[in-house]
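1. All I have is the shape, not the residue letters:
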C-alpha cells in the first residue's frame, strides 16, 4: 500500500501543486484515481499525508533559528555554484516553512560538494532524499513541479 500511496502523491503533486484547486476539481481528481485502480483507502491515506504536512513540519521544528526573522544570504562561492533558480527555490522553500534553516544548510552543503560546475533545481531535488530524514516530505518536494521563489528555473547568473 505504501508504494501506491506514493504513486498517488506523485500524481497529486503533478496536478495540484502547480495551481490552486477547487473542491470540484478535487472530486474529479479522486474519481480519476479510482478509475486508475486506486482504492478510496489509498487515496484517503495520500490526502491525509498531504494535508498533515504543515502540522508535521511545525511539530518537528527544533530549529533554533526558526524563531528569528534572519534572512539567509548565499556566500559568493554558493552564488557561483547554485543557479539563480536553485537559490530562489531553496529560499522559497525556507520562507514557506517547507525546509528548516538547518535542512537548508545541509542541502546547500551537499550541493557544494557536487562535482558539477553549476547546481540547478533538478540537482537540488535529487539531493532531498539524501539529506532530508523525512521520506514523505522528501518525496513531495522532489516531485513538486511548480516551485516557490524560482521564476527562472536554471538560468545562469
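-> The structure has been received and is ready for your questions. Because the structure is a prediction, the values reported are computed rather than measured.
2. Show me which positions of the helix or strand hosting residue 5 end up buried.
-> Here residue 5, judged by DSSP states H and E, is contained in helix 2-16. By 16 or more other C-beta atoms under 10 Å, the buried positions in helix 2-16 come out as 4, 5, 6, 8, 9, 11, 12, 13, 15, 16. For the C-beta atoms, the positions are set from N, CA and C on the backbone; glycine is no exception.
3. Tell me, please, the helix or strand in the chain that averages the lowest pLDDT.
-> Across the helices and strands of the chain, mean pLDDT, DSSP states H and E gives its lowest value to helix 40-59, namely a mean of 69.
4. How many neighbouring residues does the closest residue in space to residue 82 that isn't next to it in sequence have?
-> Leaving aside its sequence neighbours, residue 82 sits nearest to residue 119 (C-beta to C-beta, 6 or more residues apart in numbering; 5.3 Å). Residues lying near residue 119 (other C-beta atoms under 10 Å) number 24.
5. Relative to residue 30, how far out is residue 119?
-> 37 Å (C-beta to C-beta, to the nearest Å).
6. so where is this structure shaky, pLDDT-wise?
-> Along the chain, segments meeting pLDDT under 70 span 1-2, 14-21, 23, 50-70, 144-157.
7. Spatially central residue in it, please.
-> Nearest to the mean C-alpha position of the chain, by C-alpha atoms, centre = their mean, lies residue 141 at 2.0 Å.
8. State the distance from the residue lying farthest from the centre of the chain to residue 41.
-> When each C-alpha in the chain is compared with the mean C-alpha position (C-alpha atoms, centre = their mean), residue 35 comes out farthest, at 27.3 Å. The gap separating residue 35 from residue 41 is 16 Å, by C-beta to C-beta.
9. List the contacts of residue 87.
-> Residue 87 sits next to 74, 78, 79 when contact means C-beta atoms under 8 Å, 6 or more residues apart in numbering.
10. Please indicate which of the residues you listed are buried?
-> Buried by 16+ other C-beta under 10 Å: residue 78, out of the contacts of residue 87.
11. with the contacts of residue 87 in mind, which one is nearest to residue 126?
-> Closest approach to residue 126 among these (C-beta to C-beta): residue 78, at 17.5 Å.
12. dump the residue contacts of the nearest residue to residue 33 once chain neighbours are set aside.
-> Using C-beta to C-beta, 6+ apart and skipping the chain neighbours, the partner closest in space to residue 33 is residue 43 (5.2 Å). Residues counted as contacts of residue 43 (C-beta under 8 Å, 6+ apart) are 8, 30, 33, 34.
13. Great, nothing more from me.
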